[in-house]
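Peer 1: This is a predicted model, with the sequence first.
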Amino acid sequence: MFVIYTSILLLIIVLGILHRVKDMKVIRVCGLEIMRLLLLSLVVLVIIGEAILPMPEYYIKRKGKELNLNEVLEEETFKAEIRFDKGSFKVIESCGMHFNHLFLCSYEIDGKEEVRFYHFEKNIFGNMKLKYPSSEADLITTKEQPGRLL
């Protein structure tokens, strides 16, 4: 989107310079002044691109390689600097809603099991991003022993 914004801004600047150099009053396209048309299109694009359809910050596809959900969640856990035993990470349960998706995941750290849930947001295209940083993902504990993990 940044490229589109800058290209429209550059076009506005170039047309403004052309107006001054050529001493033109107005350039019209379909009965509308081209400068107003460009400014209006810039405002509409900013509103659509930044407010109505926020661009996804998180993609499931990485470098041409499509990852499955388990690998994506495992990667997010590594980014949060949570080191767990290799091969112990698994998704226990997932629950999807319109624009939210919750995952309950477990892994082992030195033989002790930890369970966390991750909250992802989806945009209208289905692209997901974490709602909260991975390091803030809630750790699930038992009610009988609040300090003890499941």
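Peer 2: Good, I have the coordinates. Residues are numbered from 1 along each chain as shown.
Peer 1: quick one, longest helix in this protein?
Peer 2: helix 2-22 (DSSP state H).
Peer 1: Mind giving me the packing neighbours of that one?
Peer 2: Applying 3 or more CB pairs under 8 Å, 6 or more residues apart in numbering; DSSP states H and E, one finds that helix 2-22 contacts helix 34-47. Backbone N, C-alpha and C define where each C-beta goes, glycine included.
Peer 1: what about the residue of the chain most remote from its centre, distance to residue 17?
Peer 2: Most distant residue from the mean C-alpha position of the chain: residue 23, 45.8 Å away (CA atoms, centre = their mean). Distance of residue 23 to residue 17, computed by CB to CB, to the nearest Å: 12 Å.
Peer 1: residue ranges with poor pLDDT in the chain?
Peer 2: 1, 51-67, 123-127, 134-138, 141-150 (pLDDT under 70).
Peer 1: so where do the strands sit in it?
Peer 2: For the chain, the strands identified by DSSP state E occupy 28-29, 32-33, 61-62, 65-66, 90-96, 100-109, 112-122, 128-130, 138-139, in order along the chain.
Peer 1: hmm, back to that, can you list contacts of the longest helix of the chain?
Peer 2: For helix 2-22, the surrounding residues in contact (CB atoms under 8 Å, 6 or more residues apart in numbering) are 24, 27, 34, 35, 38, 39, 41, 42, 45, 46, 49.
Peer 1: buried sites along that helix?
Peer 2: Applying a neighbour-count criterion of 16 or more other CB atoms under 10 Å, one finds 8, 12 buried in helix 2-22.
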